[in-house]
Structures are given as structure tokens and as C-alpha cells.
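In: prediction below, plus the sequence it came from.
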Amino acid sequence: MSQEPPKLAQLNLLVDDMAASLDFYRRLGVTTAGEEGGPHAELSLPGGFSLELDTAESVRRRGGPRRQRRRADEPDRRVHAQLAA
């Protein structure tokens, strides 16, 4: 594994009002990726950073919040294997 410090690449936020949250970030000049109007939105920021917004409803449907940390250079399969253990 690399000796470089970890790089923050993604942040997930729980929001009460998706439309108002998207409007706020659009006013800041942030673009959205993927389908809008649903319970989940992905916002693309400079440098490859991803800000993801979820409603409480979407988190409940997935079984509640999960805490997860991983390095940006770790393959997703390793993260999924750790979660399955």
C-alpha cells in the first residue's frame, strides 16, 4: 500500500429536503451527476471529489446508516469483502 496520506474522495450527507439541497449546491456552481428528483443525488466537485446526498427514506430502505472508510486507491472489492465478513 502507498505511504501517501489518505485522500478524501467522497462524502455522503443525509438531507431533509433534496430539492432545496440541490438548489443550494447548484447556486454554488456544483453540477449533478445521474438522475435528479429521487432520494439520492451525486454531485461532482473539482479534483474528482464526490458529494452524495441521501434522504432519510433512502437510508432506511438500505437498512440504515453504515460507517465506512476506505482509501481512494483501494479497490471496491476489498471494501465489500470487509463488509461481508
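Out: Sure thing, it's come through.
In: how far away is Gly47 from Leu8?
Out: Distance, Gly47 to Leu8, using C-beta to C-beta, to the nearest Å: 10 Å. For every residue, glycine as well, the C-beta is placed using N, CA and C.
In: for Leu28, grab the count of nearby residues.
Out: Neighbour count of Leu28, defined by other C-beta atoms under 10 Å: 8.
In: next, give phi and psi for it.
Out: phi -80, psi -10 (degrees, to the nearest 10).
In: need the pLDDT of it.
Out: pLDDT recorded at Leu28 is 89.
In: OK, contacts around it?
Out: Residues counted as contacts of Leu28 (C-beta atoms under 8 Å, 6 or more residues apart in numbering): none.
In: one more time with 10 Å
Out: With contact taken as C-beta atoms under 10 Å, 6 or more residues apart in numbering, Leu28 is in contact with 43, 45.
In: same question for the one 10 residues further on.
Out: Taking C-beta under 10 Å, 6+ apart, we find Gly38 in contact with 18, 54-55, 58.
In: tell me how many other residues surround Arg60.
Out: Neighbours of Arg60 under the rule other C-beta under 10 Å: 12.
In: helices or strands up against the helix or strand harbouring it?
Out: Following DSSP states H and E, one finds Arg60 within helix 56-61. Applying 3 or more C-beta pairs under 10 Å, 6 or more residues apart in numbering; DSSP states H and E, one finds that helix 56-61 makes contact with strand 10-15, strand 40-44, strand 50-55.
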